[in-house]
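Asker: below: sequence and its predicted model.
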Amino acid sequence: MEMKTALTIAGSDSSGGAGIQADLKTFSALGVYGMSVITAVTAQNTQGVFGVEELSEKIITGQLDAVFQDIPVDSVKIGMLSNAEIIQIIARKLRVYQPHHVVLDPVMVSKSGYDLLRPEAKAALIEHLLPLATVLTPNLKEASVLVGHPVETLSDMKEAAKALAEKGPQAVLVKGGHLQGEAIDILYDGEKWRTFEGKRIATKNTHGTGCTLSSAIAAFLAKGHSLEEAIQRAKQYIQGAIAHALELGHGAGPTHHFHEWYTATGSKQG
Ligand SMILES: Nc1ncnc2c1ncn2[C@@H]1O[C@H](COP(=O)(O)OP(=O)(O)OP(=O)(O)O)[C@@H](O)[C@H]1O
Ligand SMILES: Cc1ncc(COP(=O)(O)O)c(N)n1
């Protein structure tokens, strides 16, 4: 049986709702073989992040080489990177191995307010990784930090997507999960904008939504869909994963990654 593969390069979330764990669950639910390169380990749960330990250059490089030198990688998703040295290692290896698709989620601060990227590493992210991305997926806050002014409305999102596309990524999807009103995301692909609409679901259980969306996009790209089709399907997936989010823990519960909800509603993913 031919199996498509996806690699997540991200941080570990001990509570399983975000980071590497969310990515691998998403890959599995969407029928793609998942692999991981861990950049940092967080002590985290639904209520907050209580500590971070960054892994060494040696073991991050070792993980990247071990995967790329042995197994074909159909697409890559990048999440928490933590510091500038890690960003440079990853950029260097992506230039060597040249995977077809790179979905770059510029993770900066957790929902609970903990820094997952050292503020001084922002320049390295822009310089070394933005140019290697097939698609960059900032939320409103990340887009604001990357463009250097507040991004709060749909028209700000359109402008920011275009400005960020000029920094090197082939396309930019600005996510509107934190907008007032519906959950609308805007894609700019270097030529035109496209809007992806989602009904806002009233829930506190949104731990890992950004991780889940970006890994679903990577999974659908691995399966051979165009970028727009991959985002459309990923949006449908995140909508179901939030609608069926789990009431676990005392804080923001995690998204749900099983097949039952989308097979039951007839929106089976191809
Ligand atoms: N309450 C909601 N209802 C419906 N869709 C949502 C909701 N919250 C977020 N989304 C969608 O989930 C996806 C992730 O968006 P969001 O802006 O939450 O990312 P994020 O802030 O990077 O996530 P994270 O906090 O996990 O890093 C987007 O497609 C967004 O529109
Ligand atoms: C390891 C890791 N990566 C990413 C996030 C962002 O997710 P959220 O904003 O939902 O906390 C996280 N909390 N932890």
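Answerer: Perfect, thanks for sending it. Ligands and ions are numbered 1, 2, ... in the order given.
Asker: show me what the lengthiest strand in the chain is packed against.
Answerer: Counting residues, the longest strand found in the chain (DSSP state E) is strand 33-45. For strand 33-45, the contact count by 3 or more C-beta pairs under 8 Å, 6 or more residues apart in numbering; DSSP states H and E identifies strand 5-13, helix 19-29, strand 48-54, helix 57-68, helix 84-97 as packing neighbours. Every residue, glycine included, has its C-beta placed from N, CA and C.
Asker: list of residues touching stretch 237-257?
Answerer: For stretch 237-257, the surrounding residues in contact (C-beta atoms under 8 Å, 6 or more residues apart in numbering) are 15-18, 22, 25-26, 28-30, 45-48, 111-112, 198-199, 201, 203-209, 212-213, 216, 258, 261-262, 265, 267, 269.
Asker: interface residues of the stretch 51-200 of the chain facing ligand 1?
Answerer: By the rule C-beta under 6 Å from any ligand atom, the part of the stretch 51-200 of the chain lying against ligand 1 is 111, 139, 175-178, 183, 185, 198, 200.
Asker: try it again at 5 Å.
Answerer: Counting by C-beta under 5 Å from any ligand atom, the residues of the stretch 51-200 of the chain close to ligand 1 are 111, 139, 175, 177, 183, 185, 198, 200.
Asker: which SS class is the last one?
Answerer: Pointing back at residue 200 there. Secondary structure for residue 200, judged by DSSP: H, G, I helix; E, B strand; the rest coil, is coil.
Asker: neighbours of the residue of the stretch 1-150 of the chain found nearest ligand 2, how many?
Answerer: Closest to ligand 2 within the stretch 1-150 of the chain is residue 19: 2.8 Å, counting by C-beta to the nearest ligand atom. Other residues near residue 19 come to 29 when the count uses other C-beta atoms under 10 Å.
Asker: coming back round to it: buried subset of the contacts of stretch 237-257?
Answerer: Taking 16 or more other C-beta atoms under 10 Å as the criterion, what is buried in those is 15-18, 22, 25-26, 29-30, 45-46, 111, 198, 205-209, 212-213, 216, 261-262, 269.
Asker: backbone dihedrals for residue 115, please?
Answerer: Dihedral angles of residue 115 (phi, psi; degrees, to the nearest 10) stand at phi -70, psi 120.
Asker: what about it, how many residues close to it?
Answerer: 13.
Asker: that one and residue 109 touch, don't they?
Answerer: Yes: counting by C-beta atoms under 8 Å, residue 115 does reach residue 109; the two are 5.8 Å apart.
Asker: low pLDDT regions in the chain?
Answerer: Scanning the chain with the threshold set as pLDDT under 70 gives 259-270.
Asker: okay, which residue is most central for it?
Answerer: Nearest to the geometric centre of the chain sits residue 214, at 3.3 Å (C-alpha atoms, centre = their mean).
Asker: which residues touch residue 218?
Answerer: Contacts for residue 218 (C-beta under 8 Å, 6+ apart) come out as 6, 8, 23, 27, 75-77, 101, 103.
Asker: wait, residue 21 touches residue 12, no?
Answerer: Yes: between residue 21 and residue 12 there is a contact under C-beta under 8 Å: 6.9 Å.
Asker: can you report how many residues lie near the residue nearest to residue 235 when sequence neighbours are not counted?
Answerer: Excluding its sequence neighbours, the residue lying closest to residue 235 (C-beta to C-beta, 6 or more residues apart in numbering) is residue 196, at 4.7 Å. If you count neighbours by other C-beta under 10 Å, residue 196 ends up with 19.
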